[in-house]
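[1] Mind folding the following:
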Amino acid sequence: MLWDKSNLDGRVQCDGIVESAKRYLPELRGNCDAVVALCHSGISAAPARGRDENASLHLAEIGGFDAIMAGHWHRVFPGPDYSGVRGVDLDRGTIAGVPTVMPGFWGSHLGVIDLVFAKDGDKWSIVNSTTEAKPIYRREKGAVVSLADADKNVIDAIANDHAATVEWVGRPVGHFDRRIHSYFVWCGFDPASAIVNAAQIAYVKPLLAGTPHQGLPILSAAAPFKAGYTPDAYIDIPAGQIALRDLADLYIYPNTVAAVRVTGATIREWLEHASRIFNRIDTSRNATQELIDRRVPSYNFDSIAGLSYSLDLSQPARTNFEGKIVAPDVHRVVDLRYLGEPLDLSREFVVVTNNYRADGGGSFPGLDGSNTIVRAPDTNLDAIIKFVSGGSNSMPSPHSPWTFAPLGHAVSVQFDSSPIGRECLPDVPSLRDAGNGNAGFSRYQFNLS
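    Below is the predicted model:
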């Protein structure tokens, strides 16, 4: 109801996951020997607030379910991510006593729950259970080795459609004069998001002609979608002729173009919330520090093109996960400028984004759908295709609109990225190869000074 607000508001009514379960579970229990919840929702021990996004644990705690298939959060359960979490038994694979699986993401695991039933008169009851999240591959020296054989019948059944699809996405749509990749997003080199932002501005600008918003400065917000869920999950498009499949890599979600009218003050809070993805850096430590908080998804790290600004990582995050201001005296976003001048916080701007963000996705302060002025029928990918296929010879700068604010002296930080990123180190001369990272990643270091 939040992410698809523009399509559902006023047409559909729904309750939260737990609220709906409490309503219908008694009737189900009276007619079933076992009740299994298919719950596209993560496992969070945070206090329930109602209509929670990650509600699987709260669902288990109401009682009455015999198994839960969880998801959404791109994590694995049973698994070490949930060690020490309230109500979790990793040995039994249960949350609040209910057998549960969460099978990773992108088909990385197969979630299996085995329930053992015993008959008591006319009724069956569960007397035992086991749960497992089975990986479908392993990594050996950085390479993916399948643990599951392909099914020839399936391959044969889809062969013609697969070949036709491959041919369609392979059709040429434009040309890039440089390699476009997302390996070094976290140190401010992001040519992929730069193209998205340029395309979004080009798409919306003519739509504002003759409207009350004509003449307002137009900015654009974009986030890196493929920036390291796995060592293979990065954008890497060679220079030269590009195909439709390459552009689909730039924007992997079916969002539609939207634009909001906001003040400079809202933009600053927008950027503050996005900066949560960076850990706070302790300037008194000599040891190399982790730059990225992987609990924050990369798709919530918006950069806004048309501005310039710095991020002071010696400060704590100003907002929490829910977008609430928890450090009112703190600003990570400093030296925020438009056209080289300090940003006027009262000035109004149009910011191009997507329907997910405009309607409140990611809990960004000041974004709830009420200030949306453009709801386009086209997807953001459509806007990119139109921009690139238009034959523009002007590639936007590959550098992000932000930099890191000086910390007073050199502090070493590191992040994990693909091993292939080593080929692109000349793009960021300050970056150095720091060897192997976690589970197939490579590690890169640089100094904040």
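[2] Do a quick rundown of the helices in the stretch 251-400 of the chain.
    Counting by DSSP state H, counting those that start in this stretch, one finds helices in the stretch 251-400 of the chain at the ranges 264-274, 355-358, 380-389.
[3] which residues does the closest residue to Arg347 other than its chain neighbours contact?
    By the measure of CB to CB, 6 or more residues apart in numbering, the closest residue to Arg347 outside its immediate chain neighbours is Gly264, 5.1 Å from it. Where C-beta positions appear, they are placed from N, C-alpha and C, glycine not excepted. Residues in contact with Gly264, defined by CB atoms under 8 Å, 6 or more residues apart in numbering, are 336, 338, 343-347, 349.
[4] redo that, cut-off 6 Å
    Counting by CB atoms under 6 Å, 6 or more residues apart in numbering, Gly264 makes contact with 343-345, 347.
[5] List the buried residues for the host helix or strand of Ile242?
    With secondary structure defined by DSSP states H and E, Ile242 is part of strand 240-243. Of all the residues in strand 240-243, those buried under the rule 16 or more other CB atoms under 10 Å are 242-243.
[6] Could you name the helices and strands sitting against the following helix or strand past that strand?
    Heading C-terminal from strand 240-243, the first helix or strand you meet, by DSSP H and E, is helix 244-250. Other elements packing on helix 244-250 under the criterion 3 or more CB pairs under 6 Å, 6 or more residues apart in numbering; DSSP states H and E are helix 380-389.
[7] Next, the residues that contact the helix it packs on from outside, please.
    So helix 380-389 is contacted by 173-174, 199-200, 202-203, 247, 250-251, 255, 257, 354 (CB under 6 Å, 6+ apart).
[8] In PDB, please show the C-alpha coordinates belonging to it.
    Taking C-alpha atoms only, helix 380-389 is exported to PDB below (Å, rounded to 0.1, in the frame of the first residue of the first chain):
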ATOM      1  CA  ASN A 380      12.600   4.500 -15.400                       C
ATOM      2  CA  LEU A 381      14.200   2.000 -17.700                       C
ATOM      3  CA  ASP A 382      12.000   3.400 -20.500                       C
ATOM      4  CA  ALA A 383      13.400   6.800 -19.800                       C
ATOM      5  CA  ILE A 384      17.000   5.400 -19.900                       C
ATOM      6  CA  ILE A 385      16.400   3.600 -23.200                       C
ATOM      7  CA  LYS A 386      14.900   6.800 -24.700                       C
ATOM      8  CA  PHE A 387      17.900   8.900 -23.500                       C
ATOM      9  CA  VAL A 388      20.600   6.500 -24.700                       C
ATOM     10  CA  SER A 389      18.900   5.600 -28.000                       C
END
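[9] in it, what's buried?
    Those buried within helix 380-389 under the rule 16+ other CB under 10 Å are 380-385, 387-388.
[10] One more: stretch 186-201?
    Counting neighbours by 16+ other CB under 10 Å, the buried set in stretch 186-201 is 186-201.
[11] just stretch 79-97 next, same as before
    By neighbour count on 16+ other CB under 10 Å, the buried set for stretch 79-97 is 82, 87-90, 93-96.
[12] In this protein, which residue is most central in space?
    With distances taken as CA atoms, centre = their mean, the chain has Tyr299 as the residue nearest its mean C-alpha position (3.2 Å).
[13] Let me see the contact set for the closest residue to that residue other than its chain neighbours.
    Sequence neighbours aside, Ala223 is the residue nearest to Tyr299 in space, at 4.9 Å (criterion: CB to CB, 6+ apart). In this structure, Ala223 makes contact with 299, 301-302, judged by CB under 6 Å, 6+ apart.
[14] hang on, the earlier thing: tell me the one among the buried residues of stretch 79-97 nearest to Glu61.
    Ranked by distance to Glu61 (CB to CB), the buried residues of stretch 79-97 are led by Ala96 at 4.6 Å.
[15] Output stretch 428-448 as CSV, nothing but the C-alphas.
    Backbone C-alpha positions of stretch 428-448 (Å, rounded to 0.1, in the frame of the first residue of the first chain) are rendered in CSV as follows:
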residue,chain,number,x,y,z
VAL,A,428,40.0,5.8,-8.9
PRO,A,429,43.7,6.5,-8.3
SER,A,430,43.3,6.8,-4.6
LEU,A,431,41.9,3.3,-4.2
ARG,A,432,44.2,0.3,-3.5
ASP,A,433,43.7,-3.4,-3.7
ALA,A,434,43.7,-4.9,-0.1
GLY,A,435,43.4,-8.5,-1.1
ASN,A,436,40.6,-10.9,-0.6
GLY,A,437,37.4,-9.9,1.2
ASN,A,438,34.4,-12.0,2.4
ALA,A,439,33.1,-15.0,0.5
GLY,A,440,34.3,-14.3,-3.0
PHE,A,441,34.6,-10.5,-2.7
SER,A,442,37.8,-8.5,-3.0
ARG,A,443,38.7,-5.7,-0.5
TYR,A,444,39.5,-2.2,-1.4
GLN,A,445,41.0,0.5,0.8
PHE,A,446,41.5,4.3,0.6
ASN,A,447,42.1,7.1,3.0
LEU,A,448,39.6,9.6,4.3
